[in-house]
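> Take this sequence and fold it.
(one chain, ligands or ions: 2)
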Amino acid sequence: MVKTTKIDRKHWEAICDHCGKCCLIKLEDEDSGEIYYTNIICRYYDTDQNLCTIYEKRREIVPACIQLDEENVNQIPWMPKTCAYRRLFDPNYQPVSPCRLKGKVISEDMVDPADYENHLINQEDL
Ligand code: SF4
Ligand code: SF4
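Ligands and ions are numbered 1, 2, ... in the order given. Prediction:
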């Protein structure tokens, strides 16, 4: 079956401003289900280039990495409030200058998972 979308893949990809916020590790409160951002970023995100270094293979290498599309982008509760895709479904979306994460985040390679809770941040602070 061929899946059709209103926006072709090339234009879809062009919407992303490569802020990288969706590549930050998030923690979920087991009791409340609340999602908290950390300043820890996926090991494959290059903060010099503001790019995923394994983009074409990311779903194979990082199964938890979600492929955004027109159907799910509005359904993912933890998507950053400033994500450029919000302009597609949020009439009140105000474009913001893309944040750059260099110097503000730390690679997951550098943090012991037991220490993740000490890296909680407010996503608005980035
Ligand atoms: S694999 Fe790439 S796109 Fe996925 S979270 Fe990591 S850096 Fe981001
Ligand atoms: S948060 Fe949105 S705009 Fe930023 S990198 Fe992720 S998909 Fe792209």
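> And the helix or strand where residue 14 lies, how far out from the chain middle?
In this assignment (DSSP states H and E), residue 14 forms part of helix 9-15. Offset of helix 9-15 from its chain centre (C-alpha atoms, centre = their mean, to the nearest Å): 16 Å.
> Give me the three-state assignment for the residue most central in space within the chain.
Nearest residue to the geometric centre of the chain (C-alpha atoms, centre = their mean): residue 22, 0.8 Å. Counting by DSSP: H, G, I helix; E, B strand; the rest coil, the backbone at residue 22 sits in helix.
> Spatially, which residue comes closest to it, not counting chain neighbours?
residue 80 (6.0 Å; C-beta to C-beta, 6 or more residues apart in numbering). From N, CA and C alone the C-beta is placed, and that goes for glycine too.
> backbone phi and psi for the one you found, please?
Backbone torsions for residue 80, taken as degrees, to the nearest 10, come to phi -60, psi 140.
> Likewise for residue 125?
According to degrees, to the nearest 10, residue 125 has phi -80, psi -10.
> Residue 123 too?
Dihedral angles (degrees, to the nearest 10) for residue 123: phi -60, psi -30.
> what's the nearest residue to it if we skip its chain neighbours?
residue 37 (4.4 Å).
> do residue 74 as well
That would be residue 89: by C-beta to C-beta, 6+ apart, it lies 4.6 Å from residue 74.
> what's the neighbour count on the one you found?
11 (other C-beta atoms under 10 Å).
> Could you double-check that it sits in contact with residue 75?
No. With contact defined as C-beta atoms under 8 Å, residue 89 does not reach residue 75; the gap is 10.0 Å.
> In terms of pLDDT, where does residue 3 sit?
pLDDT for residue 3: 43.
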